[in-house]
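# Would you be able to build a 3D model of this:
(2 chains)
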2 protein chains.
Amino acid sequence: MDDTRQVDDVATGDARQVDAVVTGDARHNEKMKKKQESREKIMAGKTREKGLLIVHTGKGKGKTSAALGMVVRAIGHGMKVGVVQFVKGAMTTGEKVVFDAFPDNVEFKPMGEGFTWDTQDRARDVAVAREAWEEVKRMIADPGYHMVLADELNIVLRYDYLPLDEVLEVFAAKDAMKHVIVTGRNAPDALMEAADLVTEMTMIKHPFRSGVKAQAGIEF
Amino acid sequence: MDDTRQVDDVATGDARQVDAVVTGDARHNEKMKKKQESREKIMAGKTREKGLLIVHTGKGKGKTSAALGMVVRAIGHGMKVGVVQFVKGAMTTGEKVVFDAFPDNVEFKPMGEGFTWDTQDRARDVAVAREAWEEVKRMIADPGYHMVLADELNIVLRYDYLPLDEVLEVFAAKDAMKHVIVTGRNAPDALMEAADLVTEMTMIKHPFRSGVKAQAGIEF
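The predicted structure follows:
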């Protein structure tokens, strides 16, 4: 098992007190030895496996991209993943080409018919959201799926296109080993409360502000 | 072109003032119409294409995952991508299986020989970092690559395994249309200054804190 990423996340944080300026190789090596001991102690307590409810929110980039990265890892481990997009059009995006290369591992449902400010028809948007949500529910209920990505579900919840209580109930009742990922800015507090892992993506600097348009490989 | 993601990022922010509580379908539709107008105005000014220097930093999850998501999108658009991992072992991770399915599009170089606190040998770590950096330099110099991911380069810079000045010079001299992505916590200020797009991943909640171990599809 390759635990390095998570080890990095924890050990770097917990061992910060030994991060003084390195003055020589010997001192550096001693420091690293302390980090290793600290890490081993931490790892010994991490034994549980469970399906996670994961939320990517915030105004920054990378919410969907990070979910895609997890989908890619899951595919690589032979898992079956369901992907439902709530608010994107059904255009062929970059990720679809990769999903299509693993038809046994990914079921991709681009359900959203463009953004709401393109349709200006709330009743239709609610119907579309409902249809997408039924797909998510089906995938969560089906033991064949190891991971389900509800992309941009937060935006749908923000506009009250779906009842939050129903969504929370479905997540609470999911199989204990199933991973569910929800993306989109403005995640409801109750969803973050229910989640196991919440990451907020914060925009520090954005090229769009200086007139650069959306580009292949970055935004789509 | 599918500009919906970037449109979401901008229009949702700029049109927040019209996000009052929805009291009926007609009012909602009117609100969405205003959003659409606002978006169209914004989009008209976004015309430039350029290669981006992208930094994913912060203590939260998703820095590498979000970069992987961008790699997947680039693959889907037929681009050629170089991926160099600075501090991970050469184990078979989930992403490698997917990369291997697109041998013409991805060159994957897992260069890091485990974390420094496992090796406790600074001189060797510096040599490994140098070797990995030479791969990044080669990919940046080669016009055949559209995107280069230097995964966890920030950690290597933090330990002064590579001279920051040299790294910044190489990035500054890159082809204007090439995308370069750098990940890892503690990105140097000068790198963020030079970057076009900087996203900070902030950990709001982490299952590792409650004894859950690293799991396939999530961390690796």
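
# low-scoring pLDDT stretches of chain A, where are they?
Where chain A drops to pLDDT under 70, the residues are A:1-24, A:39, A:41-47, A:88-93, A:113-119, A:207-212.

# which one is the spatially most central residue of it nearest to, not counting chain neighbours?
A centroid search over chain A (C-alpha atoms, centre = their mean) returns A:A67, at 3.5 Å, as the residue closest to the centre. Closest residue to A:A67 apart from its sequence neighbours, by C-beta to C-beta, 6 or more residues apart in numbering or on different chains: A:I181 at 4.8 Å. For every residue, glycine as well, the C-beta is placed using N, CA and C.

# which ones are touching the residue nearest to the centre of chain A?
Residues in contact with A:A67 (C-beta atoms under 8 Å, 6 or more residues apart in numbering or on different chains) are A:54, A:56, A:149, A:151, A:181, A:183, B:65, B:69.

# who touches the residue nearest to A:A67 in this structure?
So A:I181 contacts A:54-56, A:67, A:70, A:147-150 (C-beta under 8 Å, 6+ apart).

# In TSV: those residues, plus secondary structure.
Converted to TSV, those look like this (DSSP: H, G, I helix; E, B strand; the rest coil):
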residue	secondary structure
A:I54	strand
A:V55	strand
A:H56	strand
A:A67	helix
A:M70	helix
A:M147	strand
A:V148	strand
A:L149	strand
A:A150	strand
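
# Now for those, which sits with the most neighbours around it?
The most crowded member of those, judged by other C-beta atoms under 10 Å in any protein chain shown, is A:H56 (32 neighbours).

# Might you report the residue contacts of that residue?
By C-beta under 8 Å, 6+ apart, the contact list for A:H56 reads A:62-64, A:66-67, A:181-184, A:199, A:201, B:62.

# Out of these, which sit inside helices?
Taking DSSP state H as the definition of helices, the contacts of A:H56 contribute A:63-64, A:66-67.

# most neighbours, which of those residues?
Most surrounded of those: other C-beta under 10 Å gives A:K63, at 32 neighbours.

# now it: how far from A:E169?
As defined by C-beta to C-beta, to the nearest Å, A:K63 lies at a distance of 24 Å from A:E169.

# Next: A:P188.
14 Å.

# May I see the domains of chain A written out as residue ranges?
Taking automatic domain parsing as the reference, chain A has its domains at A:4-44, A:53-210.

# which residues sit in contact with A:A195?
With contact taken as C-beta under 8 Å, 6+ apart, A:A195 is in contact with A:53-55, A:182, B:205.

# what two of those are the furthest from one another?
A:V182 and B:K205 (13.0 Å; C-beta to C-beta).

# Neighbour count: these two, which is higher?
The neighbour comparison of A:V182 against B:K205 (other C-beta under 10 Å) goes to A:V182, with 29 against 17.

# May I ask you to name the longest strand in chain A?
strand A:197-205 (DSSP state E).

# Tell me what angle it forms with strand B:197-205.
Computed with axes from the mean of the first three to the mean of the last three C-alpha atoms, to 10 degrees, the direction of strand A:197-205 lies at 150 degrees from that of strand B:197-205.

# From the contact counts, what lies against strand A:197-205?
Counting contacts by 3 or more C-beta pairs under 8 Å, 6 or more residues apart in numbering or on different chains; DSSP states H and E, strand A:197-205 is packed against strand A:53-57, helix A:63-76, strand B:197-205.

# what do you get if the cut-off is 10 Å, keeping everything else the same?
In terms of contacts (3 or more C-beta pairs under 10 Å, 6 or more residues apart in numbering or on different chains; DSSP states H and E), strand A:197-205 is packed against strand A:53-57, helix A:63-76, strand A:179-183, helix A:189-194, strand B:53-57, helix B:63-76, helix B:189-194, strand B:197-205.
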